[in-house]
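[1] Just need the structure, nothing else, for what follows:
(chains A, B, C and D, ligands or ions: 2)
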2 protein chains.
Amino acid sequence: MQFTKAEEYGMLGVLYLSEKTPGSITPLSEIAEAKAIPEKFLAKIFQSLSRATIVRSHRGVRGGFSLAKDPKEVTVKEVLESIHGPYHLIKCTNNADICEKAEYCSLRELLSIAERKLIQIFEDHTLAELVEWEKAKQSVS
Amino acid sequence: MQFTKAEEYGMLGVLYLSEKTPGSITPLSEIAEAKAIPEKFLAKIFQSLSRATIVRSHRGVRGGFSLAKDPKEVTVKEVLESIHGPYHLIKCTNNADICEKAEYCSLRELLSIAERKLIQIFEDHTLAELVEWEKAKQSVS
DNA sequence: GTCGCTATGCAGTTTACAAAAGCTGAAGAA
DNA sequence: TTCTTCAGCTTTTGTAAACTGCATAGCGAC
Ligand code: SF4
Ligand code: SF4
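    Ligands and ions are numbered 1, 2, ... in the order given. Down below sits the predicted model:
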């Protein structure tokens, strides 16, 4: 019941891109260094994000990644689900066949509620919002 | 970012006790068999619950475990936190020292919000409620 | 009081998956 | 052509979850 590194790195990566001027291209090496993320690990994560068209890849010299959409249009949920697939607190909330008690299990019901709330939160916030928060905090200090 | 077996087993265990007549004593072996849980694993979990005085242990012949409190008074949060300690989606929400960016990190802020919501849900529901849900569902079918 | 039953406590082992690294290739710009 | 950067796959490493075993201690029954 923990946020994984892949999810954290992915979010930090897209947030980094979100702060840049729209459409600009940034190589993986720069992101990895700026955020202190193992480059090959980040590469794998960005492949997923690329397939989900959250990010666009550009090969060759001066290549790298750019955001594929306006940060205002990308929710945290989209980013997270691109990395690890649909999110579930417990497997049986996804697939009732896993457990024969699923039909009656009250724990499953509670976790379904919790899960929906959690996803709701991730859906309610966009990358642009998070960047705003960051700026607000930094200007205070 | 997943509910662990220990947490699931612990919940199933106390729910099983909650359904029994108050104060009655049930041996671990019965719970383990009824819920298809490895007995020794459940034993470890119940030790934590015992230390947290959610459950009371009784040794010797016809010994076992009984609920230490009224199911109406025990929240899901208490049970879960007895098993795995205070719950955190990511380590830095607990301890800002882990990351030098913690002060400004917007991801940390978002996860703190999500975490609070999640804990809130677990705090808002008691064992008695869950047992009710279960009964309601079973009577329908 | 002693015998059998049940929890206690701790030290393991095994398994599973996250996290990271490595390598070969393909695409693209200069 | 050549260098740069991503793509895709395999393998390694690390760590925590999941489970097991055993020796001990408390308690009840008789
Ligand atoms: S017991 Fe309940 S929570 Fe556990 S797997 Fe079955 S349905 Fe899901
Ligand atoms: S980067 Fe943000 S989320 Fe990751 S550890 Fe630091 S504060 Fe927490």
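[2] Show me which residues of chain A are close to ligand 2?
    residue A:8 (Cβ under 6 Å from any ligand atom). C-betas here are computed from N, CA, C, even on glycine.
[3] where exactly do the strands run in chain A?
    A:55-58, A:64-67 (DSSP state E).
[4] Would you convert those into CSV that also reports mean neighbour count?
    Formatted as CSV, those follow (neighbours: other Cβ atoms under 10 Å in any protein chain shown):
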stretch, mean neighbour count
strand A:55-58, 17
strand A:64-67, 21
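[5] Sketch out the low-pLDDT regions of chain A for me.
    Scanning chain A with the threshold set as pLDDT under 70 gives A:1, A:141.
[6] what about 50?
    For chain A, applying pLDDT under 50 flags no range at all.
[7] the helices in it, which residues?
    A:5-19, A:28-35, A:39-51, A:76-84, A:106-124, A:127-140 (DSSP state H).
[8] Residue A:98: neighbouring residues, count only.
    Neighbours of residue A:98 under the rule other Cβ atoms under 10 Å in any protein chain shown: 13.
[9] Quick check, it in contact with residue A:90.
    No: here residue A:98 lies out of contact with residue A:90, judged by Cβ atoms under 8 Å, at a distance of 9.1 Å.
[10] list the residues that contact both of the two?
    Overlap of the contact sets of residue A:98 and residue A:90 (by Cβ atoms under 8 Å, 6 or more residues apart in numbering or on different chains) is empty.
[11] could I get the strands of chain A as TSV with distance to DNA strand C?
    Putting the strands of chain A into TSV (distance: least, Cβ to the nearest atom of the strand, whole Å) gives the following:
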stretch	distance to DNA strand C
strand A:55-58	7
strand A:64-67	11
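[12] got TSV for the ones you listed, with distance to residue B:3 too?
    As requested, the strands of chain A are exported to TSV (distance: least, Cβ to Cβ, whole Å):
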stretch	distance to residue B:3
strand A:55-58	30
strand A:64-67	33
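[13] quick one, which of those strands is nearest to ligand 1?
    Closest to ligand 1 of the strands of chain A is strand A:55-58 (Cβ to the nearest ligand atom; 34.7 Å).
[14] Who are the packing partners of the closest one?
    helix A:39-51, strand A:64-67 (3 or more Cβ pairs under 8 Å, 6 or more residues apart in numbering or on different chains; DSSP states H and E).
[15] okay, those, which one's buried deepest?
    Mean neighbour count (mean count of other Cβ atoms under 10 Å in any protein chain shown) peaks for strand A:64-67 among those, with a mean of 21.
[16] Quick check: the gap between the residue lying closest to residue A:138 once chain neighbours are set aside and residue A:139.
    What sits nearest to residue A:138 in space, not counting adjacent residues and going by Cβ to Cβ, 6 or more residues apart in numbering or on different chains, is residue B:104, at 5.5 Å. As judged by Cβ to Cβ, to the nearest Å, residue B:104 and residue A:139 stand 10 Å apart.
[17] Between these two, which is the more surrounded one?
    residue B:104 (16 against 7).
[18] now the residue nearest to residue A:138: how far from residue B:92?
    From residue B:104 over to residue B:92 the distance is 12 Å, taken as Cβ to Cβ.
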